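In: Quick one: sequence plus predicted model below, questions after.
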Amino acid sequence: MTRFIIIFYFSHDWSVRVWDIRKTEDVLAKTRLHCGIWRLKWEPKKQEMLLAAATKGSVEVLKWNNNSIDKLAFYNNDNLILYHAY
């Protein structure tokens, strides 16, 4: 199994990027979400799972697969902005 020392980067350009900090010139993976992101949170019991809280009241569930970021679920409520992702 390949081990990475990784950094997940997110921004209001609607993307999540992953780098191995030992080789920062190349992005390991990148995905674009439905809107701007303001928080990523790891699932404590399943470390490959992430929750992306985004603008416009949306949340996306992501899965890191060592070379890609898969989008597993999307929830949107245009009338709600989620300030805490639990």
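Out: Happy to help now that I have it. Bear in mind the structure is a predicted one, so any value in this text is a computation, not a measurement.

In: mind listing the helices for this protein?
Out: Read by DSSP state H, the chain holds no helices at all.

In: residue ranges with poor pLDDT in it?
Out: 1-4, 78-86 (pLDDT under 70).

In: residue boundaries of the strands in this structure?
Out: 6-10, 15-20, 27-32, 37-42, 49-54, 58-64, 69-76 (DSSP state E).

In: contact partners of the longest one?
Out: Right, the one you point to is strand 69-76. Strand 69-76 is touched from outside by 16, 18, 29-31, 33-34, 56-63, with contacts defined as Cβ atoms under 8 Å, 6 or more residues apart in numbering. For the C-beta atoms, the positions are set from N, CA and C on the backbone; glycine is no exception.

In: That strand vs strand 15-20, what angle?
Out: Orientation check (axes from the mean of the first three to the mean of the last three Cα atoms, to 10 degrees): strand 69-76 against strand 15-20 gives 150 degrees.

In: what comes up buried for strand 69-76?
Out: The neighbour-count check on strand 69-76 (16 or more other Cβ atoms under 10 Å) flags Ile69 as buried.

In: That one pairs with which strands?
Out: Applying DSSP bridges to the sheet, strand 69-76 is found paired with strand 58-64 (antiparallel).

In: I'd like to know which of the contacts of strand 69-76 is nearest to Met49.
Out: Nearest to Met49 out of the contacts of strand 69-76 is Lys63 (Cβ to Cβ; 5.7 Å).
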